[in-house]
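>>> Build me a model:
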Amino acid sequence: MSQSTAALFDQMHARSLSDPEGFWADAAKDIAWFKPYDRVLDDSAAPFYRWFVGGELNTCYNAVDRHVEDGRGAQAAIIYDSPVTQTVQTISYAELQDQVARFAGALRAQGVEKGDRVLLYMPMIPQSVVAMLACARLGAVHSVVFGGFAPHELATRINDSTPKVIVSASCGIETNRVIKYKPMLDAAIEQADHKPAHVIVLQRPQETASMIPGRDVDWVEAAAAAEPAACVPVAATDPLYILYTSGTTGQPKGVVRDNGGHAVALRWTMRNIYNVQPGEVYWAASDVGWVVGHSYIVYAPLLTGATTLVFEGKPVGTPDAGTFWRVIEQHKVGTLFTAPTAFRAIKREDPDALLLKKYDLSHFRALFLAGERSDPDTLHWAEDHLKVPVIDHWWQTETGWAISGNPLGVHLFPIKYGSATRPMPGWDVRVLNAELQEVPRGDIGAICVKLPLPPGTLPTLWNADERFKKSYLADYPGYYQTGDAGFIDDDGYVYVMARTDDIINVAGHRLSTGAMEEVLSSHKDVAECAVIGVADDLKGQVPLGFVCLKAGVSRPHEDIVKEVVQMVRDQIGPVADFKRALVVERLPKTRSGKILRGTMQKIADSADYKMPATIDDPGILPEIAEALKTLGYAKTSAIPQ
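The predicted model follows:
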């Protein structure tokens with residue numbers, strides 16, 4: 001690309017910071033408004049910023065109905081590809097409009113109206129998209145919970161969001177295994193203090209769920225009997241959804257997304273970051289239970305008028321490591337967005353990419369990776385074999401779209417391995433020290449974003465304004481604290497190096513070690529515990545537990561380890577991938593009593609580190625290293641003095 005496009009991006013970014021109202025007003029022209037907004041940015045209640053105040057719209061109308069009205073009803077809106085059920089199905093925009101309107105009518109028949117919450121506990125099937133859009137159509141607030149979560153975690157989300165209705169399927173499918181959703185949902189409702197009025201269940205052929213008379217409603221029957229519902233105008237500042245992310249206390253945080261700023265920002269990203277145009281096939285290989293699924297399986301592609309691919313399967317094993325290539329060829333996918341974990345799995349199974357040679361990917365243009373740091377080996381491997389740009393970009397559940405990336409629709413900057421490239425328009429990224437001062441270029445510090453955050457980001461947490469301020473704004477006044485540490489180089493490239501809190505990243509899923517520690521500490525024989533994330537070639541990180549037993553406990557350590565592993569599986573779910581724990585005599589701590597988790601992690605990963613100045617007893621570290629060696633960690637265990 002030419003120098004002029006690089007200069008164009010620089011101008012866009014500069015304008016987005018100096019004239020955010022003008023910049024985002026231009027972007028808002030791509031959205032259909034029922035009522036024009038009075039003001040682009042309202043900062044009168046800072047730090048609670050609001051975008052497009054006074055405006056009214058409907059997200060479902062912008063994602064579905066307007067395309068039908070514009071004559072694109074016959075175009076594919078969704079391609080559903082499920083190798084686990086041997087199903088391929090195409091749903092046009094006109095068909096999607098009918099399905100969404102009817103299911104919105106079914107929700108309304110169960111009492112759902114504007115502002116009510118609806119919790120979705122669904123697998124990767126088109127009905128999940130239909131249910132989300134149906135909520136948006138009514139102005140109801142959806143909260144999608146990943147189908148792999150156990151009853152306890154689901155119950156906490158039911159209590160916090162207080163849904164009037166829960167929508168679920170009878171099961172999900174993991175490769176060759178059917179996972180029964182309904183028993184887990186029933187158990188969660190039994191545990192929860194809040195009880196939904198109704199549960200709508202989609203019965204899948206692989207599993208028929210038992211229904212509770214008076215409470216449970218069959219999806220197909222309810223949709224067939226319903227009057228199609230029209231789109232309900234909502235304020236731009238009204239919530240579209242709540243998406244829970246792990247909290248350091250074990251209590252999940254309900255990230256709120258508004259309607260107006262969300263629609264404007266996501267529509268803008270599809271053209272400028274991903275270079276996707278209406279009518280093109282775009283595939284985000286994620287899950288609707290995660291933020292990537294919300295932003296880039298459902299809303300952004302459909303707001304754009306593109307075709308989104310809903311994939312129910314795995315990168316390997318359904319049936320082999322060539323699955324992604326088959327899908328890209330068969331459906332003429334132009335752009336793929338997935339996690340580095342997926343490509344590490346493919347590379348592990350087919351290191352020479354022999355399966356790739358079976359498929360024609362000549363139409364494929366770009367691969368985007370996010371969800372965790374993309375290691376250079378995986379990026380090189382993908383570039384070498386796909387022969388297209390492979391772009392790492394960085395964002396969070398809270399932000400809803402990329403903080404930093406490579407704007408393919410404007411200018412492709414040179415790729416630097418280990419960096420998520422440049423801050424995107426709207427993002428004023430700074431690296432700060434503990435004194436709230438910017439550090440020199442190249443120095444590591446806390447990565448923060450100067451307020452206000454751009455449209456499409458979280459305005460607050462659900463029913464928790466004070467927690468929002470405490471979690472994200474308190475430590476660095478005037479800034480959003482990302483919780484990540486890293487640096488910015490002389491070319492303005494952002495390098496994200498590590499988390500600064502206790503969230504670990506397991507295959508792109510952000511999980512709280514604090515929540516796992518709460519489970520371990522509840523075991524009757526455990527006196528003290530810690531959970532760290534250790535490096536894993538496939539999943540990026542996996543959790544590893546340390547438990548100190550109560551005095552007098554003489555039971556076999558193997559039995560206790562098996563029990564705590566099962567407890568985490570039962571209370572948090574298999575998504576945590578908690579399979580490893582060690583019984584140790586004591587844990588390394590500072591003199592004030594803080595467990596040195598970061599130091600333990602470095603020992604496990606055989607990384608260089610300095611002896612913590614505040615450590616209470618340095619002699620504990622060799623003990624930890626010896627224990628870790630029994631599991632194959634701490635391969636180099638020299639302890640600094």
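
>>> just for the chain, where's the confidence low?
1-3, 246-250, 498-504, 510, 512, 590-594, 613-614, 637-641 (pLDDT under 70).

>>> Look up which helix or strand the residue lying farthest from the centre of the chain falls in, please.
Here the chain reaches farthest from its C-alpha mean at Gly552, the gap being 43.4 Å by Cα atoms, centre = their mean. According to DSSP states H and E, Gly552 maps onto no helix or strand at all.

>>> and if you look at Pro414?
Using DSSP H and E, Pro414 falls within no helix or strand.

>>> I'd like to know how many residues surround it.
Using other Cβ atoms under 10 Å, Pro414 is surrounded by 9 other residues. In this view, the C-beta of every residue, glycine as well, is placed from N, C-alpha and C.

>>> same deal with the one 5 residues further on?
Residue neighbour count, defined by other Cβ under 10 Å, stands at 24 for Ser419.

>>> Spell out the residue ranges of the helices in the stretch 201-350 of the chain.
All helices of the stretch 201-350 of the chain, identified by DSSP state H, counting those that start in this stretch, fall at 219-225, 260-272, 291-292, 300-304, 323-331, 340-349.

>>> Which residues outside the shortest one are in contact with it?
Residues outside helix 291-292 that contact it (Cβ atoms under 8 Å, 6 or more residues apart in numbering): 243, 245, 255, 284, 286, 337, 370-371, 395-397, 400, 508.

>>> hmm, try it at 7 Å
Here helix 291-292 makes contact (Cβ atoms under 7 Å, 6 or more residues apart in numbering) with 243, 284, 286, 371, 397, 400.

>>> One more: stretch 56-71?
With Cβ under 7 Å, 6+ apart, stretch 56-71 has contacts from 31-35, 93-94, 96-97, 100, 133, 136-137, 231-236, 240, 259-260, 263, 299, 302-303, 305.

>>> Just the buried residues of these.
Those of the contacts of stretch 56-71 that meet the buried threshold are 31, 33, 93-94, 96-97, 100, 133, 136-137, 231-236, 240, 259-260, 263, 299, 302-303, 305, by 16 or more other Cβ atoms under 10 Å.

>>> Okay, domains of the chain per the record?
Domain assignment for the chain by automatic domain parsing gives 3-313+393-481, 508-629.

>>> Go through the buried ones among the contacts of stretch 56-71 and flag which are in strands.
Counting by DSSP state E, those place 234-235, 240 in strands.

>>> So Glu528, which state does it fall into?
Here Glu528 is recorded as strand under DSSP: H, G, I helix; E, B strand; the rest coil.

>>> Tell me the spacing between the closest residue to it other than its chain neighbours and Met211.
Nearest non-adjacent residue to Glu528, counting by Cβ to Cβ, 6 or more residues apart in numbering: Cys548, 4.2 Å away. Applying Cβ to Cβ, to the nearest Å, the value for Cys548 to Met211 is 46 Å.

>>> With Ala6 instead?
Distance of Ala6 to Met211, given as Cβ to Cβ: 59 Å.

>>> Repeat that for Gly172.
Distance from Gly172 to Met211, by Cβ to Cβ: 18 Å.

>>> quick one: which of these two has more around it?
Gly172 (25 against 15).

>>> Show the contacting residues for that one.
Taking Cβ under 7 Å, 6+ apart, we find Gly172 in contact with 123, 147, 179, 181.

>>> if you go through the stretch 51-200 of the chain in chain order, where are the helices?
Along the stretch 51-200 of the chain, the segments classed as helices by DSSP H, counting those that start in this stretch run 59-60, 66-67, 93-109, 126-138, 151-161, 181-191.

>>> Looking at those, spot the one closest to Asp42.
Evaluated with Cβ to Cβ, the helices of the stretch 51-200 of the chain place helix 59-60 nearest to Asp42, the distance being 19.8 Å.

>>> where's stretch 258-273 relative to the chain centroid, distance-wise?
17 Å (Cα atoms, centre = their mean, to the nearest Å).

>>> most tightly surrounded among the helices of the stretch 51-200 of the chain?
helix 59-60 (a mean of 30; mean count of other Cβ atoms under 10 Å).
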